[in-house]
Every structure is written in structure tokens, then in C-alpha cells.
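Q: show me how the following folds:
(2 chains)
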There are 2 protein chains.
Amino acid sequence: MACGATTHATAPALTAAPASVVAPPPAAAAKGVRTLSAESPGRILSVVVTTDSEGHPSYAVTRLGKPVIAPSKLGFLLTDAPAIDRDLLMADAGRRAVDETWEQPWGERRFVRNRFDELRVRFTEEWDAKRTIDVVFRIYDDGVGFRYEVPAQPGLETVRIAEERTEFVVAQPGTAWWNTAFEPNREEYLYERTPIEEIGVAQTPLTVRFEDGVHLSIHEAALVDYAGMNLVRVDRRRLRAALTPGTTAAKVVRATPFTTPWRTLEISDRAGGLYESNLILNLNEPNRLGDVSWFKPGKFVGIWWDLHLGNKTWHAGPKHGATTAEAMRYVDFAAKHRIGGVLVEGWNKGWDGNWMGHGEAFSFTEAYPDFDLQKVADYARSRGVRLVGHHETSADAAHYESQMEAGLSLYERLGVGVVKTGYVSEALGARVVGVDGQVHNAWHESQDMARHFVRVVEAAARHHIAIDTHEPIKDTGLRRTYPNWVTREGARGQEYNAWGHPGNPPEHETNLVFTRMLEGPMDFTPGIFGMKTRSPDGVPTTWAKQLALYVVLYSPVQMAADRIESYEANPRPFRFIEDVPTDWSETHVVNGEAGDYVTIVRKDRGSEDWYVGSITDENARSLSVALGFLDAGRVYRAEIYRDGAEADWKKNPTSIVIEAREVTAADVLPLHLAPGGGAAIRLTPAAGRVGR
Amino acid sequence: MACGATTHATAPALTAAPASVVAPPPAAAAKGVRTLSAESPGRILSVVVTTDSEGHPSYAVTRLGKPVIAPSKLGFLLTDAPAIDRDLLMADAGRRAVDETWEQPWGERRFVRNRFDELRVRFTEEWDAKRTIDVVFRIYDDGVGFRYEVPAQPGLETVRIAEERTEFVVAQPGTAWWNTAFEPNREEYLYERTPIEEIGVAQTPLTVRFEDGVHLSIHEAALVDYAGMNLVRVDRRRLRAALTPGTTAAKVVRATPFTTPWRTLEISDRAGGLYESNLILNLNEPNRLGDVSWFKPGKFVGIWWDLHLGNKTWHAGPKHGATTAEAMRYVDFAAKHRIGGVLVEGWNKGWDGNWMGHGEAFSFTEAYPDFDLQKVADYARSRGVRLVGHHETSADAAHYESQMEAGLSLYERLGVGVVKTGYVSEALGARVVGVDGQVHNAWHESQDMARHFVRVVEAAARHHIAIDTHEPIKDTGLRRTYPNWVTREGARGQEYNAWGHPGNPPEHETNLVFTRMLEGPMDFTPGIFGMKTRSPDGVPTTWAKQLALYVVLYSPVQMAADRIESYEANPRPFRFIEDVPTDWSETHVVNGEAGDYVTIVRKDRGSEDWYVGSITDENARSLSVALGFLDAGRVYRAEIYRDGAEADWKKNPTSIVIEAREVTAADVLPLHLAPGGGAAIRLTPAAGRVGR
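A: Below is the predicted model of the structure:
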């Protein structure tokens, strides 16, 4: 619950807006086979941009001289004009180097270094309209971002993009971790692990490991007023951008000048390097909200798991979950256990009947008669707890926007600081007001919905409310610009273990760290102790792994997701959930391989405590963590929550050993993870000093 | 040049129009897990249609009990309404059996048997609007066609299809032959040969061979007023329909009632069975044009290869190819060598400068000053030859339509019977008048362009002109309905051997037979004797293979594509080109494997002659053809054009042996094909009788 008044350190504006009137191509612009290149500050990565004999542009990326991205096309297909992808003259339109450090109001780490070399390449058509686009590359030692910048220019007032020509030709064989795109289920799928040549239609981030251990993650940053990018494998190892369809023939409609989102390539010689990269945050615009100290990271419990278990219902009736009494019971529990928030789902009218696809039925101000919102909110406040709001829209963004202001005002008045929004629908089931003022069916990651999600976050900020989006648009680092967009779902969460057929397999969270978590925080909702559910395998982890997830799966708001009865019955392991913070000053990945295991250490932002989380897939593992990150010369008390000797996600998930010992920076802690297991450790400075 | 007055035998109307007012769901309609099934007449193939517990529909196909298509989704995503793909009640809405034979006015065979069992499945939504769609399956012994039929119904006056949900989950591992889709180059690519799991974004037809030798080709029939279907591999062996984008957010906009094209599955236990299947023609509507005896199959030479070699130019200037004198020289050659047609490309104004993307510059009535169209046409007629017209549009369909009537009228007046149209452009480079009356950029296989191509063919029919479309929409068997749409390009043709980097490899034509040729006729333009070109490997076949292509690659109009100087210098091999007909009464595939080799025999429709064509890839092969198809009791003179002993596409492409011998139905002719080689054989009844 730390964080407090940390304010955003204003960074200099890094992102030059495209020139409002385009200059003629620099004198150096030339036709035919040409090359421009640039390197990262530490000479780890380089980018080469070329035009071929027909003026088709392409780019390539190498790491220490070894190809990562082979020559890959650039350009646009337009719906109302010829493509911008050939007969292009290329010129070096400027370079610069940046090295600065900025501070996050909350996050995995407090300070973020932003160090890159930039190359701006200007492409101007040789013929006809002489249209001009810039491609700007920012080259870091651990990744590359590039985006198109389209200046204002005569004859190109509005750009209607049918598709990008952008390709990512993966240069080496390897293994890919990915999730299908354009499917009905809101981007919530089990991960595919295939050779690169067997990638199909993929969401981003898409993660690749080459045979030599170099890892690559393809994603995007700063998805604003643009269509989300998916990847289709065209042939061999050639991936192509597949923008999400919109509400006209063009997937994107923009007035010039404009910039696209950054296409991002995180590149590291180890899996953990992808997770540690700040590339995506760095490519986003600085904080636009100013002081966001009104947002407090923290934990919450809620009327939720009982709903997914089928014990209670969202809708009215004899099993209605969101009653005044039940909510007050949760408030009492939260107050007693240092949990700052209580979520109540199903409190408002609209859940009755066939609600999916009928978001118009939801009220965002009217509670069911058996739920006294004012009373619960008042009671919570009296106990030092805040309600976590809930706005399920069934993806009817148009309807939601008609009540959003009223709903957020109500919550603000009641002292609600965080609202969990929901967009449950099947494919192309969102409904949104398009640029034509009409309501359209839309994909969650369409340009229109991208606009909607930002409108919600902006509106919420005006009410000093933070947003936790479920069934969201993908995370592209906009929490830097809108620090009240604190977390989201966007992958299979814990609820699949309540009713999924199949549920999440034991490897699921080890996949998440190296795919979904590369986007940013996820509201996975860990902390289940009741392992038997409606899903055939129940919750397929050990208890220790459930605890470790609080460290491994970062979110500034974290749910203690189980029914409070489970916690009341198991106070010893619950203690870790009470203790673990949700805001960090440092984060390091000690070890890990996608889909196999991972160990992460983080330092509490509000104290000198460190936390270790380690998880494995279905295989037992013996790992270790060297404690060199601790202050030398200090003694720490290690509170260890580890799998019992007989622990096993299938046979014995509740076997846990909780023990304490003293350690120093010179120690190496062994981690013995059971099948589907984990370890969670709190390291607190003790009174003593080393050598005492 | 046979064919003459063969008229189309009117078949009974097979295709029931969807009911104009939808009836309530049959009493048998029911919810939950349900199954309907049907078999082919010979019990070779069966189809099973199911709904799951959420009312999602799917279908599956087996051959002799072995799965070919695993359960695969059905349905539509709409841009302005919820998807039609769940909460569907299923009912058996009727079955019938058909067995009839119809006659082609021209073709690979004269009579076509149409024998299938049909199952009509009606899906009606349980909730809300209770929207209804039918899916009609026609099950043949060698394939399955199914299509959606959307009846007129309240609330569904206009259907705006964002995407079909249609899937093709290939049930077994195997090898796939396919071409990428949505690429710049007008569907002209080298074939991919990959495991099914490595298919990317594919055009149809897409061909698969399972490990047990069963072959599957996925394509479509009767693509009318709808978007062309491509296939994307989503994951594993799951392919999904990817409709070609249109000029609104919907890829297809149709008023109810309407039917989609047929989604076709040709299934055979040998590769040749795919080529022999009449599934696609059978699923098209009968001839709408009535007597088309005005179209005469035949051969043509033309001012063409010199253009691709760079010896001449399309545009005006000192190297202009289409001069009056040059055209008359070609007419003289054609008249002398029994060639019925002369093509002249570059005759009309508009080729100067950067013409690609500038179709608006083309005139379809005005010749360049050095080309006297009237004089050439008159001269041709006087020599018993007809000009083959040429309309390059640069894919500016809107501009073409503004002059099409004038251009066709001019040609009709001049006695032109066939017009070769061209649609050169890069991706999304076509320009067409959409339903909103505005000109849009469009893909060649968009719904708007599908309409355009039919408008051209209908206009041409009114002028008794046949159309040979280059850079076309794919062929889906519409030649049955519009028998003046006689051939088209739609894959890499011979011109890639003039300038391609790379050119077509020796396996190219062996790929074509089992992929592109499954659509229908192709104007590949065989018959090159001048093997050195601007392409690095030149023309990578032997001479004998060039001759064999006249039999192997069917087209009712076939070009003798080389410069006439090549033919004048090589009269002996040219003799086969003079002799070979372009209209057949029978066609059989003797042997063949996709991408490796193929042997096809065809019977001339205008005589008792048979022809054999056999080709191989880069590997030499010893094959044979048993002559059992000949009339028993008759002696035939076999004129054999075969590779010389030292023939080799790379080292000795011109080595050819031309010899004759007498054969009977009891003989088996050996075929020794050189690397990149072939064999072409004419079998003519001789005076004698067997046993004489």
C-alpha cells in the first residue's frame, strides 16, 4: 500500500511531432539500391535500412553482427490511393542520441533509464504525388522501436490505411511462444509453443528463442488512435503486420500529421532480459496526468471467486453474490488483514438473462435492491477500506460512454479509487461510436476501441480513479502516459481454473511472464487456496506457487482472489499475501525460460524489504537465488514459503513449509520447486549486522 | 480449331434459390449437442454436421471412414450485428439425390456427370432475432461442396459480412502445395511445398497430400458477387477462410436472399483424381448465354514474347512492337501454319511513361499512329485469321468500364472473337466503382472486382467476344455459366522465364497441374524454343516439355508464344504445335504427383486423335502410358516428340527426337523424360486394323 505522493519526474519531450509542413527531400535523397544504418549506444544492436532497385524500402536488425530480423518490408497499403511502398527515394533525415533517467509514480522499478540512438529516415516518392513518410528508429542495447511518421502534406490530408506492409522476417530458426488472434474468446487462450515456421495468426507480444539462446519479442508501444497490430506468418519465417479491422474499409483513418504506434523488438541473450527491458515504457509519451498520488497501489479481496465457482451469481436471485451483508463481511475481513480494497461484482442492474451481447442493459449507477451501495461504501470508509468499483460493459462501449461520467462520478463521491472494467464479448462483439457518429460492431483492438479505452482512462483521471481493464485492448505501455491505467487482464487469468475445460496448465504462468507480462501489469488474481473447482484439474499449482505469483506476476493492484473463508482457515500461508507489497523500487529476473520456470526478485518501494518469487511448470526443479542484491553488511530475516517435500500440484497441492532463517548478501538460497510448484520469500532487514 | 456449333445441353435447374420468406424452424430443430450426417452416392465420403452445447455449428468430412476434415466451425461475423455462430438450433431441412449428365460447349471433356447427395441444414438462433441460415452440402464421391444460403427474413434485409467463421481443420498430417495471398504481385508466385503445419497465408486452391496418399484440394466454386476466399492457418492444421477485403468495413455486403460461393473439397486417393474431378464445374450454374458457337477454341501467335524479352516495347518509340507491318507479318505466319489468331499487345494509346497505376491513360479505341488497326484486321480476315484483341487496364476497372462498350464494339466490328484483358497492378491497386457509386482502391478478388469481372464477361458476350483474363480474379468454374469466359492467367506464366529473377523452376508446371489448374483453364502461353532470355536460367525446360505443355496445361485458346522466327527456324518440332487441338472430348490423368511429374491423355473433340503430354520437374523419370484408351482393333500412328538421350533443361534443352511408330490399344509406351523434360505424342488412327 506504499506509493503515496511520488510524482512523475517531467522528462524533456522526446518525441518530435512530425513537421507540420513537409520539407522537400534532403539533397541526399537518392534512388536505387541504398543503405542507411545506425547502432545502439553500446554497439549491441544495429539497424540497416535499404531501398532496392524499384525503391521498395526495408529494414534489418542484427545483434553483435548476427541477423535477428532479415530484410523486411516497410510501407502502407491505402484504401483510396496507391500504396506507399515503392519508387521511394531515401534520405537520412537526422540522428540524435538520448540518455536520460525518469521516475515512475509506481511500477516494477522506480527509475527508468532511457538511452538510445535515433535514426530518422525520410522516404519520398519519385513520381506523381511525391508523398513523404518518415520512419524513425530508436535503437537501444536491448531492443529497437520504429514507427512511421506521416507529415502534413498536400494531397495527403487524410490517410486511410488498408494494411501496413510492415514485415518481421525472423532471421534464424527457433522456438516461438504465441497466442492466436481474431478468435472469439477475448485474447484468452493457452499458449502455443511451436517452431517459428509453425506460427499461424498471432497476437503480440510474440516471443522467440533462437537456437543460440538469443530471445526476441515483437510487440508495439503507444497504441493510440490506431488499430492494434497482430502478426500473420505469410510463409517460412516471414511475419507480417495484420492490423485489427475497423469500422470502414480502412483499418486506420488518420489526419496528417500523425505517427503510428512503435513497432517494438526486444532482443536479449536471455529470456529474463526481455522482462527486464524498459523499451516499451520508454517509447511511450511521458505522464500527461501530472500528480497521480491519488492512486494508491495495493491489494483487494472481493465477491468474485464464489461467482466463478458457481456458488453465487452476478445476477439477482436467491444466490445473488453482491448483497449488502456479504460486502460488509468482506470489508471486515479486509480491514482486519491489511487489505485496502474490496471488489463487488454483480452489484448493478443488467446481469439478468442473456447479458453477453446485451451491454445496453447495464446500469452503472443503479444497484440491485439487495445491495446498498452507499451503506457499503460508507462502512468501508469507516473501516479504512475502499471499495473497488466494477463496470461490466459486455463490450458495449457506446452504451458505457453514455453512462460513464455518471458512473465514475458516483464512484468518486463514494471514495472509490480503482474501477475494474469488463468487456466480455465474443469476436467483433464490441459496440462503439465510430468516427461517423454511428454505432458499429468492432474488435476490441480496433482503432475505434483504442480511442474508447483512452477516453475511459481520461475520464477516470478527471475523477481521480484508476482503471483495471478486463477483456482489454492489449497493453502497450500507456501506463506511462496515463498512470491511472494501472493494470488489466488480456490473457487467461485465474478464473479459467474455476471453470475452464481445460483450465490453465501448470506451465501457464511461466508462459505469461515471457509473453503477456512483457506488455505490462496483469490482473491475474492469484492467491487461491481452495484447489478443487469446476475445472477438471482444479487450480493446478501448489499453495507456494500461488504465493509466488504475487511477486512473479506484477500488478500495482493485486487481488487476494479466494473466498475469505479460505484465508480465515489458512492464516499461516495467508500471511505472505498480507505482507507482500504491490509497488517496487527494483526488479530483477534471476533465472527463467519461457514456459519452464522463472525466479524474480523485487524490492519493496515502501521499505527495505526484498521479495523473491519462483515458479515452475509441471516439472520439479532445483534452482537457487544468490542474495547479492541485498545490502552488504546487513542481516536479513528470510521468511520462506516453500513446497513441502511431498508437494505436487496434482496430488498434494496444499503441502507447504513456512520457515524463517537469517541470511546475508553472501548467501545463495536453494529453491526446490515441486511439480507445479513455487517458492515465495520475504527478506526483511534484521536488527543485526553481518559479522556481529 | 474444332468445336463449331456444339451447344450447351440445358440441364434442369439444380440450385434451388433460397426461400424468399423464411419458414419457421422445422419442428425437429433442437438445441444442444446434435448431429446430422449424409454420404456420397457411392458411400465414399461422408459429412457430419453438429452443434455443441453452446449451439456453435461445425462440420466434418471423412473418406471411407477416415477423417479428412476434423470438426470445423461454420458461421459469419457481421460488422453491424452480432455474429451468427452460436446459440443455433439445427434441423434437417431437406435431402435429395441428383444424377445427371450435361454437355460442355468446349472443355477438357464433352460430357460431365453430376451425381451427388444433398443435405440442407437449417440453423436458427434460439434467442433474440432468431436469425436463420441454411448450409447446403453436396456430397460427391470425389468431393464435397457446401455453401451458406441466407433467406430473406425480417431484420436481416442486408447482411454485412466482416468474415466467415468457416474453418477447414485438416484432419491428418501431410504435405501442402500453396501460394501466398495478399502479396503485391497479382497471385503470381512460386509454389510453397511445406508440411500442413507450415502453411501461412494461402490462396486457393490449396492442395494437400496425406501420408496415406489421399489428396485434398480446398477451393471455391461460383464466386459471384462475393469476396474471394483465402486461407490463413490459425494454428496447428486449422485453416480459416479469410475473405478478400472490400470497399467497406464489410468484406461482403449482400441483400437477402443470397447464397455464398461453394466452399469445395476435392478428395481423391491419387493426385490425378483432383484434376479429373468435375466438382467445381458441377457446382456452378448452367450456361446462361445459350448458343455460344460463336466462340471457336483455337491457337494464336502474337507480338508478345519480343516485348517480354525487351526486344520491342509496348509503348511508342523506335522499338514499338505493334506496328502495322509487324502485325501483318504475324498474320502471314499464322495463315501459313494453321494458327487461327494473332494477338497484338501495345497497339493502343496509354503505354507511355509510368503506366502501372495509371490505367486512366489507356484508350481502348485509339491505336498508336504506327498501327493501322482496321488495315491489320482486314488483312487478317482476308487470310482466314482473326485478331486476338488486347485490353490492358492496369486494373483501373472503373476507367475500363467507361470505355469497355466502345472497345468491345470496335473489336466486334473488326471480327475479333477473343479479347485478352489485363489487370496489372500491385496489391490493392485495382480501382473500381463500389456500391456507393464512388471509385475505390480494391483487391483483385474483392467483391467489387468480382462484380466487375462478370460485368466484362457479360458485356463481351453481347458482342460475341470471349474473354481471356490476365491478372484475373481466381477461376471458380464460371466458364460453365459464362462459356465466353474461356481462360485466364492467375499464376506465374511463361513470361517469368523471359525476365524473372528467379524464373519458373523446372517443377513449376508440375505444381500448376495440381494447384492452379484445378481452377480451370490457364493461358500459360507455352511453346518457347528460344531458351536464352533475360532470366538467369532462361526457359528451364526441354523443347519436348514445351510441346507437352499444350496437352498438360489445358486452355481452349492456346498461344504459340515464341517469336515466329523461332518457329520458322524449327519447323519439325513446331509441327506438333500446328497439329495439337485445343478442345477435347475426353481427358484422363495417367499418372502424376504434385510438383514431380504428370502424364495426361486427351482425345481431340474434332477427330479420333488422342494426345499424350508428359512432363517432369528437374529430375529425369521413366514413366509409361498404357494405350488402353485407344479403340481396340485399330492401329494408330504415334508421332512422338521426346527428349533426346542427352537432353537436359540446363545443358541441352533443344535435344529432341521426333519419331513415328504404329501402336494399338495393347501397347504400353515408355516415356523417358530428361531433367526438366517431357514428351508429347499425337496418336492418329491409321488406315490399317489390328491383326491385319
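
Q: A:S622: neighbour count?
A: 9 (other CB atoms under 10 Å in any protein chain shown). Quick note: C-beta positions are derived from backbone N, CA and C, even for glycine.

Q: next one: A:F574
A: That count, for A:F574 with other CB under 10 Å as the rule, works out to 20.

Q: tell me the contacts of A:W178?
A: Residues in contact with A:W178, defined by CB atoms under 8 Å, 6 or more residues apart in numbering or on different chains, are A:191-192, A:194, A:199, A:202-203, A:206-207, A:231, A:515.

Q: before we move on, what about A:Y550?
A: Per CB under 8 Å, 6+ apart, neighbours of A:Y550: A:526-527, A:558, A:576-577, A:580, A:582, A:611, A:613, A:680.

Q: 7 Å instead, please
A: A:526, A:558, A:577, A:580, A:613, A:680 (CB atoms under 7 Å, 6 or more residues apart in numbering or on different chains).

Q: of those residues, closest to chain B?
A: Minimum distance to chain B across the contacts of A:Y550 is 27.6 Å, recorded for A:P526 (CB to the nearest CB).

Q: ok, now which ones touch A:P261?
A: A:147, A:220-224, A:226, A:476.

Q: let's see it at 6 Å
A: Neighbouring residues of A:P261 by CB atoms under 6 Å, 6 or more residues apart in numbering or on different chains: A:220, A:222-223, A:226.

Q: these in strands, which ones?
A: A:E220 (DSSP state E).

Q: whichever of the contacts of A:P261 end up buried, select them in PyMOL.
A: Entered in PyMOL, the line below selects the buried ones among the contacts of A:P261, by 16 or more other CB atoms under 10 Å in any protein chain shown:
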select buried, chain A and resi 220+222+223+226
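
Q: in TSV: the contacts of A:W178, plus pLDDT.
A: Below are the contacts of A:W178 laid out as TSV (pLDDT from 0 to 100):
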residue	pLDDT
A:Y191	96
A:E192	97
A:T194	98
A:I199	98
A:A202	98
A:Q203	97
A:L206	98
A:T207	98
A:L231	98
A:T515	98
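
Q: mind listing the helices for the stretch 401-550 of chain A?
A: Taking DSSP state H, counting those that start in this stretch, the helices of the stretch 401-550 of chain A run over residues A:447-462, A:496-499, A:508-513, A:543-552.

Q: out of the contacts of A:Y550, who's the most crowded?
A: Going by other CB under 10 Å, A:A680 tops the contacts of A:Y550 with 30 neighbours.

Q: isn't it up against A:K545?
A: No - A:A680 lies out of contact with A:K545 (CB atoms under 6 Å); the separation is 8.4 Å.

Q: A:D648: what's it in contact with?
A: Neighbours of A:D648 in contact, by CB under 6 Å, 6+ apart: A:674-675.

Q: and it, what pLDDT?
A: Looking at A:D648, its pLDDT is 98.

Q: which of the helices of the stretch 401-550 of chain A is buried the deepest?
A: helix A:543-552 (a mean of 30; mean count of other CB atoms under 10 Å in any protein chain shown).

Q: and it, C-alpha only, in PDB?
A: C-alpha atoms of helix A:543-552 as PDB (Å, rounded to 0.1, in the frame of the first residue of the first chain):
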ATOM      1  CA  TRP A 543       0.000 -23.200  -2.500                       C
ATOM      2  CA  ALA A 544       3.600 -22.000  -2.500                       C
ATOM      3  CA  LYS A 545       3.200 -21.200  -6.200                       C
ATOM      4  CA  GLN A 546       0.000 -19.300  -5.600                       C
ATOM      5  CA  LEU A 547       2.000 -17.100  -3.200                       C
ATOM      6  CA  ALA A 548       5.000 -16.800  -5.500                       C
ATOM      7  CA  LEU A 549       2.700 -15.300  -8.200                       C
ATOM      8  CA  TYR A 550       2.300 -12.100  -6.100                       C
ATOM      9  CA  VAL A 551       6.000 -11.500  -6.800                       C
ATOM     10  CA  VAL A 552       6.200 -13.000 -10.300                       C
END
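
Q: show me how far that helix is from its chain's centre.
A: 19 Å (CA atoms, centre = their mean, to the nearest Å).

Q: now, which of the contacts of A:Y550 lie within strands?
A: Using DSSP E, the contacts of A:Y550 in strands are A:558, A:613, A:680.

Q: report the beta-bridge partners for the last one.
A: Which is A:A680. A:G613, A:Y641 (DSSP bridges).

Q: look at it and report its pLDDT.
A: 98.

Q: for it, what are its contacts?
A: So A:A680 contacts A:547-548, A:576, A:613, A:641 (CB under 6 Å, 6+ apart).

Q: lovely, talk soon.
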